[in-house]
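Engineer: Provided below for reference: sequence and predicted model.
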Amino acid sequence: MFGYLWRRLRYLPVSLLLVLFVTFSVLRLTGNPVDIYLDMNRTPEQVAALTQKLQLDRPLIVQFGIYLRDVVQGDFGESLQFGVPALEVVLDRLGNTLELVAVALALAVILGIAGGAIAALRRDKPTDVVISFLAVLGQSMPSFWLGILLIQFFALRLGWLPTSGQGGISHIVLPALTLAAYLIPNFILITRTGVIETSSEQFVVTARAKGIPAARVLLVHVLPNTLNPILSFLGLQLGKLIGGSIITESIFAWPGIGRLMVSSIFQRDIPVVIAAICIMCIAIVLANLLVDVALSLLDPRIREA
């Protein structure tokens with residue numbers, strides 16, 4: 001197990017280095033940082049002084065090295081909107097985004113696995129047809145459109161839930177459901193296929209022949225053997241789930257990193273944008289590492305690959 005972890009961890013610095021290179025390139029493609037920090041009334045002396053202070057007069061490779069040093073030290077620069085270090089602003093919103101993603105992921109797993117299992121147990125019956133149809137329909141539904149529909153129905157028409165903001169449990173229901181809706185259809189279809197295939201295995205047939213209750217057969221023998229493809233799919237989709245939080249947070253005014261990034265882009269607050277991108281990429285890399293570890297614990301053969 002430690003050997004497998006070492007093989008996975010040794011690629012982590014390479015991934016992070018690529019992320020930092022991309023963010024550095026994006027920072028330079030947005031134009032001269034001096035134009036962002038100084039207004040239109042700047043003087044040539046001010047431009048020269050700031051250029052020297054930011055070390056923009058040095059070769060790009062040297063600038064990249066300085067950028068890496070600053071990032072390792074947690075220095076992304078000062079936010080133009082808030083007047084404090086950009087990393088401090090991003091980390092202050094990180095908890096809200098992780099809360100939203102965690103609730104959405106829990107909803108996706110619970111509803112997806114439950115729906116897929118029910119569809120498999122009622123195979124080729126009206127229940128299966130309805131659940132499979134809704135799953136296919138859900139795959140083609142844009143999240144921003146679904147979010148607007150949920151606000152229109154549950155918040156404006158019925159008045160059951162708030163339209164936006166952060167507060168009690170009721171505030172997170174709609175944004176979490178909107179974010180989870182991207183994964184639920186896929187979880188349903190994967191679970192349905194896995195349960196159908198596993199149900200025909202010899203050990204399941206033997207368990208049923210022994211008179212073990214159907215619910216116990218499903219929970220103890222069938223579902224645990226369908227988790228491998230579910231976790232594999234989750235590892236591939238974690239990046240999209242975290243990235244999708246940007247749209248969801250903007251729709252529901254959820255005070256997370258995604259909404260912060262959108263507002264910072266409009267305000268041209270580049271230090272905050274770069275810090276947010278780096279933190280989100282690091283979160284995706286670490287989340288995928290956790291999924292790989294979970295897969296290796298579930299199936300020891302993966303550690304030998």
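Structural biologist: It's in. Quick caveat, the model's predicted, so the values are computed rather than measured.
Engineer: residue 176 contacts residue 100, correct?
Structural biologist: Yes. Here residue 176 reaches residue 100: they are 6.1 Å apart, a contact under C-beta atoms under 8 Å. The way it works is simple: take the backbone N, C-alpha and C, and place the C-beta from them, glycine included.
Engineer: intersection of neighbour lists for these two?
Structural biologist: Here residue 176 and residue 100 share no contacting residue, scored by C-beta atoms under 8 Å, 6 or more residues apart in numbering.
Engineer: and those two? Which one has more around it.
Structural biologist: Counted by other C-beta atoms under 10 Å, residue 176 and residue 100 do not tie: residue 100 has more neighbours, with 27 against 24.
Engineer: what is the burial count for the spatially closest residue to residue 163 that is not a sequence neighbour?
Structural biologist: Ranked by C-beta to C-beta, 6 or more residues apart in numbering and with sequence neighbours excluded, the top spatial neighbour of residue 163 is residue 155, at 4.3 Å. Here the count is done by other C-beta under 10 Å, and residue 155 has 18 residues near it.
Engineer: for the chain, which spans come out with low pLDDT?
Structural biologist: Residues of the chain that meet the criterion pLDDT under 70 lie in 1-8, 30-33, 35-40, 54, 298-305.
Engineer: what's the following helix or strand after the helix or strand residue 115 falls within?
Structural biologist: With elements taken from DSSP states H and E, the one containing residue 115 is helix 86-121. Using DSSP H and E, the helix or strand that follows helix 86-121 in sequence is helix 126-139.
Engineer: export that next one to PDB, keeping only CA atoms.
Structural biologist: C-alpha atoms of helix 126-139 as PDB (Å, rounded to 0.1, in the frame of the first residue of the first chain):
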ATOM      1  CA  PRO A 126     -42.500   0.700 -15.900                       C
ATOM      2  CA  THR A 127     -40.400   1.800 -12.900                       C
ATOM      3  CA  ASP A 128     -37.200   0.900 -14.700                       C
ATOM      4  CA  VAL A 129     -38.400   2.700 -17.900                       C
ATOM      5  CA  VAL A 130     -39.300   5.800 -16.000                       C
ATOM      6  CA  ILE A 131     -36.100   6.000 -14.000                       C
ATOM      7  CA  SER A 132     -33.900   5.300 -17.100                       C
ATOM      8  CA  PHE A 133     -35.800   7.900 -19.100                       C
ATOM      9  CA  LEU A 134     -35.300  10.500 -16.500                       C
ATOM     10  CA  ALA A 135     -31.600   9.700 -16.200                       C
ATOM     11  CA  VAL A 136     -31.100  10.100 -19.900                       C
ATOM     12  CA  LEU A 137     -33.100  13.300 -19.900                       C
ATOM     13  CA  GLY A 138     -31.100  14.600 -17.000                       C
ATOM     14  CA  GLN A 139     -27.800  14.000 -18.900                       C
END
